[in-house]
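J.: need a structure here:
(chains A and B, ligands or ions: 2)
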Amino acid sequence: MSEMKYVGKSVERVDSLEKVTGAAKYVDDIDFGPSLLHAEIVESPHAHAIIKSIDISAAEKYPGVVKVVTGKDYPVKFGMYMKDRYIFAIDRVRFIGEQVAAVVARCPKIARRAAALVKVEYEVLKPVLEPLDAIKPDAVILHPELKNYPHVPWFYPKESTNIAHLRKTRKGDVEKGFAEADAVIEDTYQVPRYAHCCLEPHIAVGQQDHSGRLTVWSSSQSPCTQKNLFAQSLESFGLSHKDIRVITPYIGGGFGGKAGVCMEILAAVLALSVKGRPVKVRWRRDQEFYNTYLRQGVVGKIKMGAKKDGTITALKYELYFDGGPYVEYGANVVNAAGLSACGPYKVDNLNIDSYCLYTNCPSGGPYRGFGYSEFTFGLESHIDRMAEKLGIDPVQFRLKNAIKEGDALGYGAPMNACDLHKCINLVAEEVKWGKDETSPDPNKVIGKGVACFWKGPAMPPNASSSAYLKFNEDGSINLLISAMEMGQGVLTAMAQIAGEVLGVPPSKIRVETPDTDRNPYEWQSVASHITWGCGNAVQKAAIDAREKIFDIIERTLYLERAGLYLEDEAVKCRTKPDWSLPLRDFVINGIMVKDGTFKGGPIMGVGMFMPEFCSTLCDPETSQGGKPNVHYTVGAAAVILEIDKDTGKMDVQKVALAADIGKAINPDMVEGQIVGGMLQGLATALYEDIAIDENGRLLNPNFTDYKIPTARDIPGKVVSFIVETPQADGPFGARGIGEHTMIASAPIIGNAIYNALGIRMTSMPMTAERVALSKHLGLEKRVEALYAKRTESYCKRGSKS
Amino acid sequence: MKKININFELNNEGWNLDVEPSDTLLEAVRDKMGVKSPKIACDRGDCGACTVLLDNKAVRSCLILAAEIDGHKITTVEGLCPQEPTPLQKHFARNNAFQCGFCAPGMILAAHELLQNNQKPSREEVQEAISGNLCRCTGYEKIIECMVNPDLKSGEDK
Ligand code: FES
Ligand code: FES
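T.: Ligands and ions are numbered 1, 2, ... in the order given. Reported below is the predicted structural model:
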């Protein structure tokens, strides 16, 4: 391929100007006129209770109230991968904040006052708040009906238990592997729950016009999936797919939290209840925390065996995820972890059990990293401990076991092209791995930490994308896709791909956010699959248009097709260097031939893409036999961390992250993902933490008490490395990168703390307070005791404290 | 409830408006004046997405009652660029400083306030000035870089 013009270049985002001028419209910015209604949700005050009765009479009479809706108006279930929840709670509530009723009124303040008048009588049940309690034999069962819930074929719920799904992966013989090992280490790691904290809270506006047509404007990563799930749930109300339209303007961040359907279904059904009028459901910040999705907390028990030379001989990993009360989406996070929790390493003897457990905490679900961040903290911490025990440098240990193209994955399929070794070496070099650093301040110590990561898109085997492209009279292009722009830059990347094929600069390509009536199908913008999946569809659509262009040229000007190419918004010909025909001269109106007639017509291109090589069919006891993931993106990260020995305060001086993404369509935007994702991950490592009390109440649903990083909390320096081992089936060789950038953040911090102070953190977040307490009071002695016998090379650094 | 009548300027245009005593400036600007760039993200002063300039000082409009702005001058990001984007906005755009863009209107006003008073801010001064404006996407790095090195005159710097 000749030198590329737009792909691989840091072109300006196509949405930049809209965003810096305030012109970009988000759902709440759309004007719906004076007929707009507002909904307020009546929420459960109990984590687990039977609903005895609901009295809406007082609320209905409140002046300005238009409608009060409860579960009996819409007794249907919905859900992404498993239909385990009602639109409004029926019979039973399962978390604090669950929607029991909605009051629709002309003004939000009236709706709120009236909602307080809805009287609900409950019989309170004992809540289950921890995953390890949920799995106890005598645990209260949250979903007695579990066996009747429809679900995707790759879930294995256990009836009459709180196990919503158990993914088992078995490869080789772990017992044999442990027997062969020179060292075996076992421990338990805990990762708490986290919140996405998109700056824009969830919002949806529904309107059913008098002809029956339902439109939902929503802040979503998943317009087509929303349409599909709305249609499934509303079928009994006479609606089919063609009657439902989902429009998703710009969204203020997603991070997985706006995937699938959560509160948006309320706007859809409330619209049916107030036919003709638009009704807005806008989450307040606290609702954003407790009634969307959280990243699931997990307890991970790891047992690892390795030989003296550093070869991992066996890995056993049990993961107990806190799925919350509804796991319609979250169970697939657990599934993803259960398939890949060995990390990017060649492990011949593997045993993973990944449990999705119902609890009465707020619902767990998709969050950037999708299960991988959750298991990587324990795994990568454990790897450092194994390296230490064997007296091997952690970088060397990882290089020794790092996965390569063709290695058998946990479920047997071969690994895709990648260069993890290069990623590890790049970050190690960047932080001057192996070189001790001393702080000029005698009260401070400096540690270094390294970790690897990987992630594959977790999606149905047939998750597909499509694209449609049409020219305008001046040769500019409208590109229609249903991939969602949530900040990652998909509109720009897709313009670059189409532009590269068609010789048109991305600045002349308009790509807009989806409207399911107008834009072709896209499964969802999740799983970091869009650059790859939608990119493939866009590339095909552009090629389709290009071939139509060549057809016309061949037909009218009799130029040999093989010599034709597109460049600088014109058709050119290799055999006639002086000839060129600008696209604008014919892409709409065709080409006039001798007799004055015209040939051709408006040029359009269509493209579709579905991974046709994926399958989730496998042996449920071992996961062997299928190919559930299309590919993995791998990488490594390293940190230089300075710690104040007295206060535990940590200063991330430098982080380096290298990812093998096949091909960076726009390096600037890739760097944006790395810098942003790394900070989001560091915050989970250092201070973010969802607090839930003994009644199941989320205690910190706001930015005062759940701190997310400000501009003062950033690392001293973030160094990004883009490694490009092409993905054969990706557009220009590209693979995804969006989620991967936060996966390694926590273990690099944990490993650096150990390196600096000799304290091993086995749970997150690793706050300054915990570090200081551990140091002064020896709270982590339990762990250190396991390592009384420290080996020379690596532990020298650990004893600096 | 008794309405309060207020006179003020929004983006250099005079307004006379009846507001409820409990209306916040954010609600008034968005719902009564139809200017949508200040965003509702926390509604309790934590995030800065609702930032507007009140007499040229960046404030959180969710914490101010509309009734309080009588006689004052309000600027939103629309008011910064009535004809075309300011050099700072162009600089942010060219450098892909934002991602989802939800924080951008507020962030740009905070940045504008700083650069008005201090044309060559240090990295720390920039970090301090925008520390009340949360951004979940970018990791702040590009935003800070653009402000520390606002080569605002040059055209194409990329
Ligand atoms: S909305 Fe005003 S500070 Fe967050
Ligand atoms: S760009 Fe998304 S919050 Fe700042």
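
J.: and A:G206, that's in a strand?
T.: Yes - the assignment for A:G206, made by DSSP: H, G, I helix; E, B strand; the rest coil, places it in a strand.

J.: quick one, what contacts it?
T.: A:G206 makes contact with A:214-217, A:267-272, A:278-279, A:281, according to Cβ atoms under 8 Å, 6 or more residues apart in numbering or on different chains. C-beta coordinates here come from the backbone N, C-alpha and C atoms, glycine included.

J.: Any idea how many residues pack against the residue of the stretch 51-200 of chain A found nearest ligand 1?
T.: Here the residue of the stretch 51-200 of chain A nearest ligand 1 is A:L199; by Cβ to the nearest ligand atom that distance is 8.7 Å. The local packing count at A:L199 equals 28, with neighbours defined by other Cβ atoms under 10 Å in any protein chain shown.

J.: now swap in B:D55 and tell me
T.: Other residues within reach of B:D55, judged by other Cβ under 10 Å, total 12.

J.: quick one: what helix or strand has the residue nearest the centre of chain A in it?
T.: Compute the mean C-alpha point of chain A, and by Cα atoms, centre = their mean the closest residue is A:R368, 3.3 Å away. In this assignment (DSSP states H and E), A:R368 forms part of neither any helix nor any strand.

J.: right, and it touches A:H740 too?
T.: No - here A:R368 lies out of contact with A:H740, judged by Cβ atoms under 8 Å, at a distance of 9.0 Å.

J.: can you list residues touching both of these two?
T.: Taking Cβ under 8 Å, 6+ apart as the contact criterion, the residues that touch both A:R368 and A:H740 are A:G677.

J.: re earlier: list the contacts of the residue nearest to the centre of chain A.
T.: In this structure, A:R368 makes contact with A:196, A:255-256, A:677, A:680, A:738-739, A:742, judged by Cβ under 8 Å, 6+ apart.

J.: Now render those as TSV, adding distance to A:E40.
T.: Below are those laid out as TSV (distance: Cβ to Cβ, whole Å):
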residue	distance to A:E40
A:H196	23
A:F255	26
A:G256	27
A:G677	35
A:Q680	31
A:G738	34
A:E739	34
A:M742	34
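
J.: Just the ones of those in helices?
T.: Using DSSP state H to define helices, the subset of these located there is A:677, A:680.

J.: Closest one of the contacts of A:R368 to A:H165?
T.: Closest to A:H165 out of the contacts of A:R368 is A:G256 (18.0 Å), distances taken as Cβ to Cβ.

J.: roughly how far apart are that closest one and A:G738?
T.: Relative to A:G738, A:G256 is positioned 10 Å away (Cβ to Cβ, to the nearest Å).

J.: Most neighbours among the contacts of A:G206, which one is it?
T.: Note: the member of the contacts of A:G206 with the most neighbours is A:A268, at 33 neighbours, neighbours being other Cβ under 10 Å.

J.: Please give the element, helix or strand, for the residue lying closest to A:K52 once chain neighbours are set aside.
T.: Spatial nearest neighbour of A:K52, excluding adjacent residues (Cβ to Cβ, 6 or more residues apart in numbering or on different chains): A:E121 at 4.1 Å. Under the criterion DSSP H and E, the helix or strand holding A:E121 is strand A:119-124.

J.: which helices and strands sit right next to that strand?
T.: strand A:49-55 (3 or more Cβ pairs under 8 Å, 6 or more residues apart in numbering or on different chains; DSSP states H and E).

J.: Okay, now the sheet partners of the strand holding A:E121, with direction.
T.: With DSSP bridges as the criterion, the sheet partners recorded for strand A:119-124 are strand A:49-55 (antiparallel).

J.: Check the model's average confidence along the strand it pairs with for me.
T.: If you average the pLDDT over strand A:49-55, you get 98.

J.: now what about it, what contacts it?
T.: Residues outside strand A:49-55 that contact it (Cβ under 8 Å, 6+ apart): A:70-71, A:89-93, A:100-101, A:118-125.

J.: List buried residues within those.
T.: When neighbours are counted using 16 or more other Cβ atoms under 10 Å in any protein chain shown, the contacts of strand A:49-55 contain these buried positions: A:70-71, A:89-90, A:92-93, A:100-101, A:118, A:120, A:122, A:125.

J.: now for stretch A:281-293, what's the gap between its first and last residues?
T.: The first residue of stretch A:281-293 is 17 Å away from its last residue (Cα to Cα, to the nearest Å).

J.: Is it positioned near ligand 1?
T.: No - residues of stretch A:281-293 contacting ligand 1 under Cβ under 6 Å from any ligand atom: none, with a closest distance of 7.9 Å.

J.: How about that stretch and ligand 2, any contact?
T.: No - Stretch A:281-293 lies apart from ligand 2 when judged by Cβ under 6 Å from any ligand atom; the minimum separation is 13.7 Å.

J.: Checking that stretch against chain B, do any of its residues make contact.
T.: Yes - when contact is scored as Cβ under 8 Å from any Cβ of the partner chain, part of stretch A:281-293 falls within range of chain B: A:282, A:284-285.

J.: ok, now which ones touch B:D43?
T.: A:284-285, B:24, B:26, B:50, B:62.

J.: Select from these every entry located in strands.
T.: Secondary structure from DSSP state E places none of the contacts of B:D43 in strands.

J.: just the helices in the stretch 1-150 of chain A please.
T.: A:16-21, A:57-61, A:108-115, A:131-134 (DSSP state H, counting those that start in this stretch).

J.: Also chain B?
T.: In chain B, helices defined by DSSP H lie at B:25-27, B:77-80, B:87-94, B:104-117, B:123-129, B:141-148, listed in chain order.

J.: Of all those, which one is nearest ligand 2?
T.: Comparing those by Cβ to the nearest ligand atom, helix B:104-117 comes nearest, at 6.3 Å.

J.: Now flag whichever of the residues of stretch A:281-293 next to chain B is closest to chain B.
T.: Here the nearest of the residues of stretch A:281-293 next to chain B to chain B, counting by Cβ to the nearest Cβ, is A:R285; it sits at 4.6 Å.

J.: In a markdown table: the contacts of A:G206, plus secondary structure, distance to A:D138 and pLDDT.
T.: Putting the contacts of A:G206 into a markdown table (DSSP: H, G, I helix; E, B strand; the rest coil; distance: Cβ to Cβ, whole Å; pLDDT from 0 to 100) gives the following:
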| residue | secondary structure | distance to A:D138 | pLDDT |
| --- | --- | --- | --- |
| A:L214 | strand | 45 | 98 |
| A:T215 | strand | 49 | 98 |
| A:V216 | strand | 43 | 98 |
| A:W217 | strand | 47 | 98 |
| A:A267 | helix | 40 | 98 |
| A:A268 | helix | 39 | 98 |
| A:V269 | helix | 37 | 98 |
| A:L270 | helix | 40 | 98 |
| A:A271 | helix | 44 | 98 |
| A:L272 | helix | 42 | 98 |
| A:P278 | coil | 49 | 98 |
| A:V279 | strand | 44 | 98 |
| A:V281 | strand | 39 | 98 |
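
J.: Go through those and name the one nearest ligand 1.
T.: Using Cβ to the nearest ligand atom, A:V281 is the member of the contacts of A:G206 that lies nearest ligand 1, at 18.3 Å.

J.: thought the closest one was touching A:V269?
T.: No - taking contacts as Cβ under 8 Å, A:V281 lies outside contact range of A:V269: 10.1 Å.

J.: quick one: A:R555 from A:F586, how far?
T.: In this structure, A:R555 and A:F586 are 11 Å apart, going by Cβ to Cβ.

J.: my bad, B:N12
T.: Using Cβ to Cβ, one obtains 47 Å as the distance from B:N12 to A:F586.

J.: Enumerate every residue touching the residue in the stretch 651-800 of chain A that ligand 2 sits nearest to.
T.: Relative to ligand 2, the nearest point of the stretch 651-800 of chain A is A:G676 (8.1 Å; Cβ to the nearest ligand atom). Taking Cβ under 8 Å, 6+ apart as the definition of contact, the neighbours of A:G676 are A:741, B:99, B:136-139.
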